[in-house]
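Peer 1: Build the 3D model from these lines:
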Amino acid sequence: MPTVPSAFSRAPIHLEKPASQTLTAWLTARVAARWKTADMKKSVLTAKEAAAFIKESGAKMVDLRFTDVPGTWQHTTVPADQLDAQAIEEGIGFDGSSIKGFQAIHESDMILKPDCNTAVLDPFLSTPTVAFVCDVFDPVREELYERDPRNIARKAEAYLRATGIATTAYFGPEAEFHYFDRVSYENTTVRAFYEVDSREGSWNSAVEPSGYTIRPKEGYFPLPPVDTQADVRAETALALAEWGMPVEMQHHEVGASQAEIDFRFDSLLRTADNLMAYKYIVRRVAARHGKSVTFMPKPVFGDNGSGMHVHQSLWKDDTPLFYDASGYGEASQLMLYYIGGLLTHVDSLMAFCAPTTISYKRLVPHFEAPVNVAFSARNRSAAVRIPVFYKGKPSSKRLEFRPPDPSANPYLAFAALLCAGIDGIKRKIDPIVAGFGPLDENIYELAPEKAAKIRSVPGSLRQSLDALAADHGYLVESGVFSEDFIASWISFKMDREVRPVEIRPHPYEFYLYYDC
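Peer 2: Residues are numbered from 1 along each chain as shown. Reported below is the predicted structural model:
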C-alpha cells in the first residue's frame, strides 16, 4: 500500500491503484501525493476523473458539502446518476438566502461547484455516498462568491504567494472537545436551563458504579478505566486516517469528558477542509457509542474549556522560513515579525478566532487560558508560544497561536491569522521592540508593576467585534476580506449572538438577585 508523504515532502510520487486497495484509499493517497508535489493552484482531479470515481465506487448518492459563514457544514444530495462530468463542471443550484450569512432573498440563486480533489466515499452513511467539498459560485458575477469562507481562504493563499514572502503557509489546529453521555437545554420566555452529564465527572462520584471519576483539572493522560473514552478516540483516529487525515496523537484532556485528537498539519485551505471533516467524523463515531460531542469552548463551569491552538509555519518551496539556530527559541527574524503582526492585531483577530459569546468564558486566568498578549518559548499562558520540543530541526520550527477555540470558522480564522502575520513581516514589527516579550516567567508570580504592563485579550465578543471594526485594514488591503464581509460579519454576530445573550435573564442571576 503506498504511503502518504509527510507534509514537507516534495519528491515526485507515482502511484498506481493496487488491486487489494479500496478506491477511496487509492484516491486519498493519490490526491495527498499530488498536493505535496504539484503547484497548489493546479487541479489534481478532472471532472471526468471525479465522475469515473463516482461510478466505480458504486455510489448511489453524491453529497455536496459547503461551509456557511458561522462555520457549520451544510449539504445537499444528488442521485449519483444525475451527476456526470458536465454537471460537476457546471455545478448544482441552491437557495443562498436560506444559508446563514449568505445572500438576501431577492438575490438567492447560487451554485455549488464540487472541488474534485476532495472526493471521498463517506463510510458513515448506509446508502453508498461520495462526498465533495464545494466552492460557492455567484452566477450573476460569474465568479466565486465573495462571502464563501472557502473562497476567502483561497484568496489568503494566493495573497501569500503574491507577496513573494513564501509559497506555502502550513496550519495545524489542535481542536479540543467534550464527550457527553447526556445533554439537554431549553430557552423560553419563562424557562432557561442546560444540563450535561458524563460518567467521568466528579459530580457522579456517588452514583458511578466503577468508583472511577475525574476530579476537576485532573483529566490529563489518565489510563483506563479512569479514561472511559480510549476506545472511542482510537476508533475515531482510525476513521480520520481512512478519510485521509493521519493522526499524530490522541489523548484525554484536562477536563472530565474532554478529549483531543490531533491530525497532521497541511496547507491553509486543505487544513480548513480537514477540520470541517474532523468535526463531522468525531461526532459520527461518538454517536455509534451513544455519546454526544460539543466543540463549544466552555460547556463545564469550573474546569478547563476547549481551545484550538493553531500551529503555523511559512515555507518557500523546500525551505522552512521560521528557523534560525541562533534566534530566541530558534526562531528566525521572519517568524518574529510574523508574531509581531499577530500580537499587534490580536484584539481584532479574536473576532474570527474566538467568535462566540461563550468563547470568553474560556479566556479567563488560571484555566491554562492564553489571555496574555505576549510571546514565549515555553509559557502556555502567553498568546503566542514557540514550541521547543525538537531543537536543531528546521522542518519542525513553528509558532503556536493559542487564543482560538474550535467554534471558529477555520477558513476565516486561518485567513485572518495569515493576513496579520504577513502585515507584521511587511511592516517589520519586532515583538521584542514592541514590548510583547518574551514572557518567560510565571505571570501569576510577577511583581505587580511588571504584571500590570502585560495586557489581556478582549474579555467579550462585543469588545472583539469593536476591535475588528476599528482595525481591519490589514484584512481588506490584502484583498482577502472585503469591507462588505467585515461589516456583515460584525452585524451578524451582534444581531444573532451578542445582543440576544445580553438581554436574556440568566439562571445565575436568579440565584443572586431573586430575593433582592
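Peer 1: hang on, Asp430 packs against Tyr337?
Peer 2: Yes - using CB atoms under 8 Å, Asp430 is in contact with Tyr337, at 6.7 Å. In this view, the C-beta of every residue, glycine as well, is placed from N, C-alpha and C.
Peer 1: These two: which is more packed in?
Peer 2: Each of Asp430 and Tyr337 has its neighbours counted (other CB atoms under 10 Å); Tyr337 has more, 21 against 15.
Peer 1: for that one, what are its contacts?
Peer 2: Counting by CB atoms under 8 Å, 6 or more residues apart in numbering, Tyr337 touches Gly424, Ile425, Arg427, Lys428, Ile429, Asp430.
Peer 1: Mark which of these are buried, thanks.
Peer 2: Among these, those buried by neighbour count (16 or more other CB atoms under 10 Å) are Gly424, Ile425, Ile429.
Peer 1: Quick check: the last one vs Gln333, distance?
Peer 2: Using CB to CB, to the nearest Å, we find Ile429 at a distance of 11 Å from Gln333.
Peer 1: One more: His506?
Peer 2: With CB to CB as the criterion, His506 and Gln333 are 48 Å apart.
Peer 1: okay, the two: which has more neighbours?
Peer 2: Between His506 and Gln333, Gln333 has the larger neighbour count (other CB under 10 Å), namely 14 against 10.
Peer 1: isn't the more buried one right up against Ser326?
Peer 2: No - using CB under 8 Å, Gln333 and Ser326 do not qualify as a contacting pair, with a distance of 10.4 Å.
Peer 1: Count the residues that sit near Gly93.
Peer 2: A count of neighbours around Gly93, defined by other CB under 10 Å, yields 14.
Peer 1: Now name the helix or strand holding it.
Peer 2: Remark: Gly93 resides in strand 92-95, with elements defined by DSSP states H and E.
Peer 1: what residues does that strand touch?
Peer 2: Outside strand 92-95, the residues that reach it (CB under 8 Å, 6+ apart) are Leu64, Thr76, Val78, Leu83, Ser108, Asp109, Met110, Ile111, Leu112, Pro139.
Peer 1: Name the weakest-confidence residue in the residues you listed, if you would.
Peer 2: Across the contacts of strand 92-95, the smallest pLDDT goes to Ser108, namely 79.
Peer 1: for that one, what are its contacts?
Peer 2: Ser108 neighbours (CB under 8 Å, 6+ apart): Asp95, Gly96, Ser97, Ser98.
Peer 1: By neighbour count, which of those residues wins?
Peer 2: That'd be Gly96 among the contacts of Ser108, by other CB under 10 Å, with 22 neighbours.
Peer 1: Please name the residues that touch that one.
Peer 2: Counting by CB under 8 Å, 6+ apart, Gly96 has contacts Phe102, Gln103, Glu107, Ser108, Asp109, Met110, Val136, Tyr145.
Peer 1: The residues you listed: which two are farthest apart?
Peer 2: Glu107 and Val136 (13.2 Å; CB to CB).
Peer 1: out of the contacts of Gly96, which are buried?
Peer 2: Counted by 16+ other CB under 10 Å, these give Phe102, Gln103, Met110, Val136, Tyr145 as buried.
Peer 1: wait, which of those residues is closest to Ser491?
Peer 2: The closest of those, once distances to Ser491 are taken by CB to CB, is Phe102, at 13.6 Å.
Peer 1: The closest one and Val254, how far apart?
Peer 2: Distance from Phe102 to Val254, by CB to CB: 37 Å.
Peer 1: With Phe401 instead?
Peer 2: In terms of CB to CB, Phe401 sits 20 Å off from Val254.
Peer 1: rewinding a little: make a markdown table out of the contacts of Tyr337 and add secondary structure, distance to Pro209 and pLDDT.
Peer 2: A markdown table is the format used below for these (DSSP: H, G, I helix; E, B strand; the rest coil; distance: CB to CB, whole Å; pLDDT from 0 to 100):
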| residue | secondary structure | distance to Pro209 | pLDDT |
| --- | --- | --- | --- |
| Gly424 | helix | 55 | 98 |
| Ile425 | helix | 57 | 98 |
| Arg427 | helix | 61 | 98 |
| Lys428 | coil | 62 | 98 |
| Ile429 | coil | 57 | 98 |
| Asp430 | coil | 58 | 98 |
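Peer 1: and those residues, which two are the farthest apart?
Peer 2: So, the contacts of Tyr337 by CB to CB: farthest apart are Ile425 and Asp430, at 10.9 Å.
Peer 1: which ones are touching Ala237?
Peer 2: Val247, Gln250, Ile261 are the contacts of Ala237 under CB under 8 Å, 6+ apart.
Peer 1: how far is stretch 339-352 from where the chain is centred?
Peer 2: In terms of CA atoms, centre = their mean, to the nearest Å, the centre of stretch 339-352 is set 16 Å apart from its chain centre.
Peer 1: Quick check: end-to-end length of it?
Peer 2: End-to-end distance of stretch 339-352 (CA to CA, to the nearest Å): 17 Å.
Peer 1: Give the buried residues for that stretch.
Peer 2: Buried, per 16+ other CB under 10 Å, within stretch 339-352: 339-352.
Peer 1: Next, count neighbours for Val285.
Peer 2: A count of nearby residues for Val285, using other CB under 10 Å, gives 22.
Peer 1: and it, what is it in contact with?
Peer 2: Val232, Glu235, Thr236, Ala239.
Peer 1: now Thr129
Peer 2: Ala59, Lys60, Met61, Val62, Asp63, Thr77, Leu121, Asp122.
Peer 1: Would you mind checking those for buried ones?
Peer 2: Buried members of these, scored by 16+ other CB under 10 Å, are Ala59, Met61, Val62, Asp63, Leu121, Asp122.
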